[in-house]
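Asker: Predicted model and sequence below, questions to follow.
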Amino acid sequence: MKALQRLGALQHRDYRLYFGGQLISQCGTWMQTIGQSWLVLQLTDSPLKLGLVTALQWLPTLLLSLVAGTIADRLPKRKLLVVTQSIQMLLAFALFGLVTANIVQFWHVAIAAACLGMATAFDMPARQAFVVEMVGKEDLGNAIVLNSTMMNGARLVGPA
């Protein structure tokens with residue numbers, strides 16, 4: 001019980017559920033990122049195209065962050081997260097289907113990467129703002145530390 005008091009954010013049921021769900025989601029996202037890169041190299045054997053797909057995935061986050069953050073502040077965070085996470089899941093399933101059917105082409109991966117980047121641009125600010133709604137200001141610092149730990153842990157575990 002004493003450990004739970006030190007991890008004040010985990011005293012909130014909604015945050016515990018969110019934390020577990022985000023851990024699974026982020027591991028999946030990093031698996032998808034590594035798999036996507038590997039797929040591009042297998043399809044094209046081109047470092048240039050690998051760089052292009054990586055840019056397509058992360059440029060929307062860079063370019064849309066301010067606008068997406070403003071929009072996320074005006075929308076219900078939970079609903080926005082359900083939409084962005086669902087889009088990310090559907091993109092992963094679409095790529096899986098294309099690979100399984102052995103019909104995947106580079107342009108499929110490029111479009112999926114760009115769409116994933118746009119979904120991520122809206123997901124990130126909504127996710128960060130949603131934490132405040134779940135834990136309140138008193139446990140916010142602890143929740144930020146836990147989120148950072150979870151994100152970096154997923155970055156290690158997901159690709160492995």
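Answerer: Here it is on my side, so go on. Numbers count the residues shown, from 1 in each chain.
Asker: Report pLDDT for Phe93.
Answerer: For Phe93, the pLDDT comes out at 95.
Asker: Against Ala160, how distant is it?
Answerer: Noted for Phe93: a distance of 22 Å to Ala160, by C-beta to C-beta, to the nearest Å. In short, each C-beta sits where N, CA and C put it, glycine included.
Asker: same thing with Thr149?
Answerer: 17 Å.
Asker: Comparing the two, which residue is more hemmed in?
Answerer: Remark: of Thr149 and Ala160, Thr149 carries more neighbours, 12 against 9, as counted by other C-beta atoms under 10 Å.
Asker: tell me which residues of the host helix or strand of the more buried one are tucked away?
Answerer: Assignment of secondary structure by DSSP states H and E places Thr149 within helix 140-157. Residues of helix 140-157 classed as buried: Asn142, Ala143, Leu146, Asn147, Met150, Ala154 (neighbour count, 16 or more other C-beta atoms under 10 Å).
Asker: can you put those residues in TSV and add pLDDT and distance to Gln36?
Answerer: TSV is the format used below for these (pLDDT from 0 to 100; distance: C-beta to C-beta, whole Å):
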residue	pLDDT	distance to Gln36
Asn142	86	33
Ala143	85	30
Leu146	87	28
Asn147	84	24
Met150	86	22
Ala154	84	16
